[in-house]
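Asker: prediction below, plus the sequence it came from.
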Amino acid sequence: MIKGMTGFGHAVFSKGKIKAAVELKSVNHKYLDVTYYLPNGFGAMEGRIKTVLQKNIQRGRVTVSLRFLEKPDNVITLHKDTVKSYMTYMRSLRKEFKLDGNMGLTDVVHLPGVFESREAMISPDMVWADVEKAFRRAIGALTLMRKKEGQSIIRDMTSQLKQMAADVNHIKARAKLILDDKKKTTPIEELASFQKSNDVNEEIERLSHYVIEVRALLKKDEAGKQIDFYAQEMHRETNTIGSKIQDKLVSRHVVSLKSLIDKIREQAQNIE
C-alpha cells in the first residue's frame, strides 16, 4: 500500500550513564533530503544514518536529531605539579619579602589551573550500536504514521477516481447522443467532418485506462511520481474533450474532471 510522507518517530536508549533520544520528522519532498542535528563530533555518523534511512524511506524531507539527555560525570583532574609550583613561589615570596601567613587548602583549591574539569568523552563508535537500534525503532514509528496517512490518501483518491469514472461515462453517453441527433439533421457530406472534429472516443478510452492504472498504483508501496504523471495525462485528455465538444452538459463534466484531477495531483505530492 502507498504511504504518505508526513510523520514523526522517537526513541530513547540508555548505555551505562549515557541516555539519549533519537527523533525523526518527515514532510513532503520530491526526493530524499536529510538534515542532521547531531552532537559535536558526531558528523561522521551521518553516512551510517543515511544508509539505514535509504533502506526504509524513498522520498521526503527528513530531519534527524540525536540528543544526549544524560552523560557520565565530568572528569576532574588535579594538577599536582601546578600546586608544587605555586608552593615554591609562595615560599620564595615569603622569604624574600619577609611576609607572614600560610596558604590553606581552600586557597590552593581556588588557584587557577589546580583543578581541571572536562566533559566525559562520548565517541560515535562507543554508542553507534545503540543509536542504530533506537534509530530503527524511530523509523518504525515514522513509517507507521506515513502508512496511516497513506490509508487516508487512498480513501480520498478512491472517491475521486469513482467520481471521475462517472463523469467520463456521462461524457461518453452525451457524446453519443449529440452524434445521434446530428445524424438526423446533418447532410451526409457534412456529417463526416463533424464526426472527425468531435470524436472523443480515443480520449474517453485513455481517461478510463488512466483511472484503472491509478487505482492499481494505490496498492503499491511507492507510486507518487507515477500517479502525478497519470494526472498530467488525464488533464491533457480532458482539455482535448472540452475543446472538441462545445456542449453545456459536457463542459460541466469537464470542469468536474479538472477539479478532481487537480485534487489527485495535489494528493500525489503527499505520496512516497
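Answerer: Cool, the structure landed.

Asker: residues in contact with stretch 27-38: which ones?
Answerer: 5-6, 43, 45-46, 49-50, 53-54, 57-66, 269-270 (CB atoms under 8 Å, 6 or more residues apart in numbering). All C-beta spots, glycine's among them, are computed from the backbone N, C-alpha and C.

Asker: at 7 Å what do you get?
Answerer: Applying CB atoms under 7 Å, 6 or more residues apart in numbering, the external contacts of stretch 27-38 come out as 5-6, 45-46, 50, 53-54, 57-66, 269-270.

Asker: list the ones among these that fall in helices.
Answerer: Among the contacts of stretch 27-38, DSSP state H puts 46, 50, 53-54 in helices.

Asker: please report how far the residue located most distally from the centre of the chain lies from R91.
Answerer: Relative to the centre of the chain, the most outlying C-alpha is that of K98, 75.4 Å out, by CA atoms, centre = their mean. Using CB to CB, to the nearest Å, K98 is found at 12 Å from R91.

Asker: same check on N270?
Answerer: On the measure of CB to CB, N270 and R91 end up 78 Å apart.

Asker: the more surrounded of the two?
Answerer: N270 (21 against 11; other CB atoms under 10 Å).

Asker: how far off centre is the helix or strand encompassing R94?
Answerer: Here R94, judged by DSSP states H and E, is contained in helix 80-97. Relative to the chain's own centre, helix 80-97 is displaced by 64 Å; criterion: CA atoms, centre = their mean, to the nearest Å.

Asker: repeat that for stretch 130-139.
Answerer: 17 Å.

Asker: how long is stretch 52-69 end to end?
Answerer: This stretch, stretch 52-69, spans 23 Å end to end (CA to CA, to the nearest Å).

Asker: can you say which of the ones in helices among the contacts of stretch 27-38 are buried?
Answerer: For the ones in helices among the contacts of stretch 27-38, a burial check counting by 16 or more other CB atoms under 10 Å picks out L53.

Asker: can you lay out the ones in helices among the contacts of stretch 27-38 as a markdown table showing distance to K15 and pLDDT?
Answerer: Output for the ones in helices among the contacts of stretch 27-38, formatted as a markdown table (distance: CB to CB, whole Å; pLDDT from 0 to 100):
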| residue | distance to K15 | pLDDT |
| --- | --- | --- |
| E46 | 20 | 94 |
| K50 | 23 | 93 |
| L53 | 22 | 93 |
| Q54 | 26 | 93 |
